[in-house]
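below: sequence and its predicted model.
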Amino acid sequence: MLGRDVEHAAREVGHEPIALARSELDITDRAALEQAVIEHRPGAVVNCAAWTNVDGAEEHEAEATEVNGAGAGNVAAAAAAVGASVVHPSTDYVFDGAREEGYVESDEVNPISGYGRSKLAGERAVAAANPRHWIVRSSWLFGVNGRNFVETMLGLAQDRDEVVVVRDQVGCPTYTGHLAAGLVRLLDAEQYGVHHMASGGRCSWYDFAVEIFNQAGVDCRVLSMTSDMLERPAPRPAFSVLLSERAHPVLLPDWHDGLAEYLAERAGTEVRA
Ligand SMILES: NC(=O)c1ccc[n+]([C@@H]2O[C@H](COP(=O)([O-])OP(=O)(O)OC[C@H]3O[C@@H](n4cnc5c(N)ncnc54)[C@H](OP(=O)(O)O)[C@@H]3O)[C@@H](O)[C@H]2O)c1
């Protein structure tokens, strides 16, 4: 989902991105990564490959960590070997969600799920392997090239006139088109380290669902429930709004605008190649 938008955003500003699918490059294969960077000689590597099945990572944490932890470190090390910097997307799930004021970059991490732990392992591996790194935590992604909450809601509304959505998880839904452009902007400055980059504003999943139907002009009632009523293997942070303490953060548009752009893009193109 994010990878295709990064490819597009990079091309838009004049870079020459080389986008590799999993079938072309497995990030757990160090030798293949080394070969790829020698072949392509990138100036920067943006690692959009990840194990993103949050619930699946509860039962398969070791496999998730192989990709999100060791794999991420491999990418950063391979980039360093050819003098390239690395952009590493990470997640609000490295936090426990107990802090209602939101989280800035230096706040203490404390993941509560296998996925969150695997992503934190990746942050640490990337920082250790390549000093020229941008670790960019974002949240609640939706984009036209992947399965996401907006599509789930619109799909459900096709066969029912009401849905039930959790109201006690608050975060920042972020359009991958906006995030991708933000990641590419980072390449212009040497502000290495951890960055928080999510859409402006905040909402619960319930609020998000209401706004999706509102903007899409779909008549579907949204009822609310609490997370404990939804039995899912992985716990999610209750409050994971990402804020930045940086002097010059890359600010993304508000999530309402991200949703509007997403719906417009979706109406124009099914999948962006
Ligand atoms: N989605 C969110 O809400 C969210 C929120 C915050 C941060 N993030 C982070 O943002 C990044 C992009 O997420 P996304 O939602 O765009 O993910 P996505 O759509 O699930 O894409 C992940 C890609 O990684 C590939 N992949 C998995 N294992 C691989 C391996 N060993 N080698 C090479 N490729 C591999 C997957 O291939 P297959 O499809 O073939 O498995 C898939 O194409 C990730 O780092 C994620 O942790 C996501």
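Yep, it's here. Numbers count the residues shown, from 1 in each chain.

let me see the ranges of the helices in the protein.
Along the chain, counting by DSSP state H, helices occupy 2-12, 30-40, 56-59, 61-65, 72-81, 114-129, 149-159, 176-186, 205-216, 255-268.

show me the contacts for residue 138.
89-92, 174, 179, 196-198, 242 (C-beta atoms under 8 Å, 6 or more residues apart in numbering). Heads up, the C-betas are built off the backbone N, CA and C, glycines and all.

so which of those is the most crowded?
Ranked by neighbour count (other C-beta atoms under 10 Å), the contacts of residue 138 have residue 198 at the top, with 30 neighbours.

nearest residue to that one other than its sequence neighbours?
residue 172 (3.7 Å; C-beta to C-beta, 6 or more residues apart in numbering).

any idea which of the helices of the chain gets closest to the ligand?
helix 2-12 (3.4 Å; C-beta to the nearest ligand atom).

buried sites along the closest one?
Buried residues in helix 2-12, counted by 16 or more other C-beta atoms under 10 Å: 2-10.

what's the average pLDDT for that helix?
Averaged across helix 2-12, pLDDT comes to 98.

quick check, that helix touching the ligand?
Yes: applying C-beta under 6 Å from any ligand atom, one finds helix 2-12 touching the ligand at residue 2.

could you check the angle that helix makes with helix 255-268?
Here helix 2-12 points in a direction 90 degrees away from that of helix 255-268 (axes from the mean of the first three to the mean of the last three C-alpha atoms, to 10 degrees).

which residues touch helix 2-12?
17, 19, 46, 48-49, 89, 141, 143, 145-146, 176-177, 179-181, 183-184, 272-273.

give me the subset of the residues you listed touching the ligand.
48-49, 89, 141, 146.

highest neighbour count among those residues?
residue 89 (26 neighbours).

quick one: that one from residue 6, how far?
To residue 6, residue 89 is 9 Å away according to C-beta to C-beta, to the nearest Å.
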